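# please work out how this folds:
(2 chains)
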Amino acid sequence: MRPSLFLRVVATEARVHLAYRADFWIQSVLGVAAQVALAYFVWQAMFRESGATRIGGFDLTGMAVYYLVVVLLAKLVLGPEHAGRVSQDVYEGGLNRYLVFPTSYFLFKYAQSLGALLPAVVQLALLALAAPLVLASPEGVAITPGGAAMAAVSVGAANLLYFAMSFPVQCVAFWAENVWSLAVALRLAAGLLGGLLLPLAVFPEGVRAILAWLPFRFLFDEPVRVLLGQVAFLDWLEGLGLALAWTGAVLLGGRLVWRRGVLGYGGVGI
Amino acid sequence: MIRADRLSKTFRVPRKAPGLRAALKGLVRPDLVEKRAVREVSFSVEEGEIVGLLGANGAGKTTLTKMLAGIVHPTAGDASVLGFRPWERDDRFRRQIALVMGQKAQLWWDLPAADGYLLLKEIYGIPADRYRRTIDALAEALGVVRELEIPIRRLSLGERMKMELIAALLHGPRVVFLDEPTIGLDLAAQRAIREFLLAYREENRPAVLLTSHYMEDIQRLCERILILRDGELVYDGSFKRVVERYAHTKVVSAHLRRDAPPPTAATVASLGASFDAEAWVVRRRVPRGEVAEAASALLATLPVADLSIEEEDVGAIVARILTARAEEAS
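Predicted coordinates:
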């Protein structure tokens, strides 16, 4: 796919998503606020009941900062739930139009998913501006321009990795009549094993050793720690290389599933 | 330009028996049955030809179109479109074809057509000056210049279809697949689209495969038709010959003046007609050679405000052909 086409798809999709302004503001204000507040109150109770001052290396303020950052970054990694749904194209016959276009379906959908992120980018910018006003900078957190740039690259890699992971899951629609539960399972697994629902630092040592061998940590834990200044440059490079290697492997698997699925595609919906 | 050689497609579809027990069994071992949608169909379409594809619902028209457009893989047989095997989806092939689906929007619902066209310009790599010229010409020809910047979802069905046609023809395809391009449109929009397609054919000479349920579409656009029955090609030849042989009658409709009293049952019976009290219309089906005589009789006998003469429904003609073929076969 030519870069100009890729950018045009991103821009077109962004326009589509910005058309729904009410949805945009409800998601930006209520969605993020509810998630962070919920996490904050749960952890506040846990700190109070346990009497501990630190859990998994975080004090209560550190935990709040972690959740604020991870919730915001997760919007960029996961994208809107309804964006770029391959299964919808398969079920409703929307895939027909893409199969006739002289371009890569995978890249087209990826460009669409990036375009759908634009509202989240604006939300992130707005909330990032407001964050220092309500949160004190906790111990062990150092957000620098360099760290932010590194984190931006990590978030980009995480977004591609998650899209590559969800692509074969969505392609199951070629065989199954509903892939919604599979998609939810992937989102839950990614959230739990990647550090969105809980910081990986609070998991037991043995579990963390296993998670280190899986790709999920590159989705949330790694970008958040990079942004908070907890990852050295060489370690970041190594993590990025591993994340990209995982992405390549998942893409290969996805390509096989896609090729097999499209062979049996009936083009319903016309 | 289009060649199909014993093209076949069989789908495996799940069969679901009623009841909870069957549903539980289906979870473990789904009961799949084979459905033969297209059976060994062979034909060809040349440059500049518009060929009508007819058949009852479920006859395999859309599946055949989708195979030739590269969307669906055949189970057996072969096809060549512009020298390419469609389902291999070579970009050089896809740059030269277009598919219009009357029941499925191709453009982006929330955006104005102009935005969608810009995207298509990039997809097909259309040079800027050619793109501008083509848009201007197509929008002018279809009378939708002012609607280009209105979101698709706010357009009427007819305007939307015109936008879809522009989208399909923007890159100057050499092969066009049209699946019900006038479905649901009012008469004026249908006519505009037919005129446009004829003009486009004259100027660009594409090979066109057209599926439509409207007799008028087929009559005005196609000299040749293909008729499918249960996935099999049962007729490939001149449309005129089909009409001469199978469309024996026309319907003459007299739209009566509303201020006049309704015709008596005896009058209607004497004319060999029927009266539709809701539409306030008297209709008479007559042999093709007796249309003028029947129209005169209606005009002389009834308070007629308007008179129309309609061809038989294409579905009825196709049904008659299919019945005749079935009888010949038996």
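
# got the residues of the stretch 1-150 of chain A near chain B?
Neighbours of chain B within the stretch 1-150 of chain A, by C-beta under 8 Å from any C-beta of the partner chain: A:2, A:4-5, A:8-9, A:12, A:15-16, A:19, A:93, A:95-97, A:99-103. Where you see a C-beta, it was placed from the backbone N, CA and C, and this is true even at glycine.

# give me the buried subset of those residues.
In the residues of the stretch 1-150 of chain A next to chain B, burial by neighbour count holds for A:5, A:8-9, A:12, A:15-16, A:93, A:95-97, A:99-103, counting by 16 or more other C-beta atoms under 10 Å in any protein chain shown.

# show me where chain B has its strands.
Counting by DSSP state E, the segments of chain B that form strands are B:2-14, B:32-45, B:50-55, B:76-81, B:97-101, B:175-179, B:207-211, B:224-229, B:232-238, B:249-256, B:274-276, B:281-287, B:304-311.

# tell me which of those lies nearest to residue A:111.
Counting by C-beta to C-beta, residue A:111 lies closest to strand B:97-101 out of those; the figure is 21.6 Å.

# list the neighbouring strands of the closest one plus their orientation.
Next to strand B:97-101 in the sheet, as set by DSSP bridges, lie strand B:175-179 (parallel).

# sort out which residues of stretch B:155-174 are buried, please.
Using 16+ other C-beta under 10 Å as the burial criterion, the residues of stretch B:155-174 that qualify are B:155, B:158-171, B:173-174.

# all helices of the chain, in order?
I'll assume chain A. Under the criterion DSSP state H, helices of chain A are mapped to A:3-18, A:21-25, A:32-50, A:60-78, A:86-92, A:95-100, A:105-115, A:118-134, A:145-171, A:180-194, A:205-211, A:221-227, A:233-263.

# I was after chain B.
Going by DSSP H, chain B shows helices at B:20-28, B:61-68, B:91-94, B:113-124, B:128-142, B:157-169, B:187-204, B:215-221, B:239-246, B:265-270, B:291-301, B:314-329.

# so which of those is the most surrounded?
Using mean count of other C-beta atoms under 10 Å in any protein chain shown, the stretch among the helices of chain B with the largest mean neighbour count is helix B:61-68, at a mean of 26.

# now stretch A:211-222, how far from the centre of its chain.
Distance of stretch A:211-222 from the chain centroid (C-alpha atoms, centre = their mean, to the nearest Å) equals 12 Å.

# report the central residue of chain B.
residue B:212 (1.7 Å; C-alpha atoms, centre = their mean).

# which ones are touching that one?
Residue B:212 makes contacts with B:52, B:54, B:178, B:180-183, B:218, B:314, as judged by C-beta atoms under 8 Å, 6 or more residues apart in numbering or on different chains.

# repeat for residue B:131
For residue B:131, the contacting residues are B:117, B:121, B:170, by C-beta under 8 Å, 6+ apart.

# over to the residue of the stretch 151-270 of chain A found nearest chain B: give its phi and psi.
Chain B sits closest to residue A:267 of the stretch 151-270 of chain A, with a gap of 4.4 Å, by C-beta to the nearest C-beta. Dihedral pair for residue A:267: phi 60, psi 40, per degrees, to the nearest 10.

# which residues does stretch B:103-112 contact?
Stretch B:103-112 has contacts (C-beta under 8 Å, 6+ apart) with A:12, A:15-16, A:19, A:93, A:96-97, A:269-270, B:99-100, B:113, B:115-116, B:119, B:148-153, B:160, B:163-164, B:167-168, B:179-180, B:183.

# ok, now stretch B:284-298?
For stretch B:284-298, the surrounding residues in contact (C-beta under 8 Å, 6+ apart) are B:247-254, B:271-274, B:282, B:304, B:307, B:309.

# now with 7 Å, please.
B:248-252, B:254, B:271-273, B:282, B:304, B:307, B:309 (C-beta atoms under 7 Å, 6 or more residues apart in numbering or on different chains).

# show me what contacts the residue of the stretch 101-250 of chain A found nearest chain B?
With C-beta to the nearest C-beta as the measure, residue A:102 is the residue of the stretch 101-250 of chain A nearest to chain B, at 3.8 Å. By C-beta under 7 Å, 6+ apart, the contact list for residue A:102 reads B:91, B:94-95, B:123-124.

# ok, now with 8 Å
By C-beta under 8 Å, 6+ apart, residue A:102 lies in contact with B:91-92, B:94-95, B:123-124.

# distance to chain A and pLDDT added to these, as JSON lines?
What follows is these, written out as JSON lines (distance: C-beta to the nearest C-beta, whole Å; pLDDT from 0 to 100):
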{"residue": "B:91", "distance to chain A": "4", "pLDDT": "93"}
{"residue": "B:92", "distance to chain A": "8", "pLDDT": "94"}
{"residue": "B:94", "distance to chain A": "4", "pLDDT": "95"}
{"residue": "B:95", "distance to chain A": "5", "pLDDT": "94"}
{"residue": "B:123", "distance to chain A": "5", "pLDDT": "92"}
{"residue": "B:124", "distance to chain A": "7", "pLDDT": "93"}
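
# from those residues, which is closest to residue B:61?
Using C-beta to C-beta, these come closest to residue B:61 at residue B:94, 21.5 Å.

# isn't that closest one right up against residue A:97?
No: contact between residue B:94 and residue A:97 fails when scored by C-beta atoms under 8 Å: they sit 11.4 Å apart.

# pull out the buried residues from stretch B:88-104.
For stretch B:88-104, by 16+ other C-beta under 10 Å, it's B:89, B:93-102, B:104.

# how about the residues of the stretch 1-150 of chain B by chain A?
Residues of the stretch 1-150 of chain B found near chain A, taking C-beta under 8 Å from any C-beta as the criterion, are B:11, B:62-63, B:65-66, B:69-73, B:89, B:91-92, B:94-95, B:97-99, B:101, B:103-104, B:106, B:108, B:110-111, B:115-116, B:118-119, B:122-125.

# 6 Å instead?
Residues of the stretch 1-150 of chain B lying near chain A by C-beta under 6 Å from any C-beta of the partner chain: B:11, B:62, B:66, B:69, B:71-73, B:91, B:94-95, B:99, B:101, B:104, B:106, B:110, B:119, B:122-123.

# quick one on the thing from earlier: in JSON lines, list the strands of chain B along with mean pLDDT.
Formatted as JSON lines, the strands of chain B follow (pLDDT from 0 to 100):
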{"stretch": "strand B:2-14", "mean pLDDT": "90"}
{"stretch": "strand B:32-45", "mean pLDDT": "91"}
{"stretch": "strand B:50-55", "mean pLDDT": "91"}
{"stretch": "strand B:76-81", "mean pLDDT": "96"}
{"stretch": "strand B:97-101", "mean pLDDT": "90"}
{"stretch": "strand B:175-179", "mean pLDDT": "92"}
{"stretch": "strand B:207-211", "mean pLDDT": "93"}
{"stretch": "strand B:224-229", "mean pLDDT": "91"}
{"stretch": "strand B:232-238", "mean pLDDT": "90"}
{"stretch": "strand B:249-256", "mean pLDDT": "90"}
{"stretch": "strand B:274-276", "mean pLDDT": "92"}
{"stretch": "strand B:281-287", "mean pLDDT": "91"}
{"stretch": "strand B:304-311", "mean pLDDT": "88"}
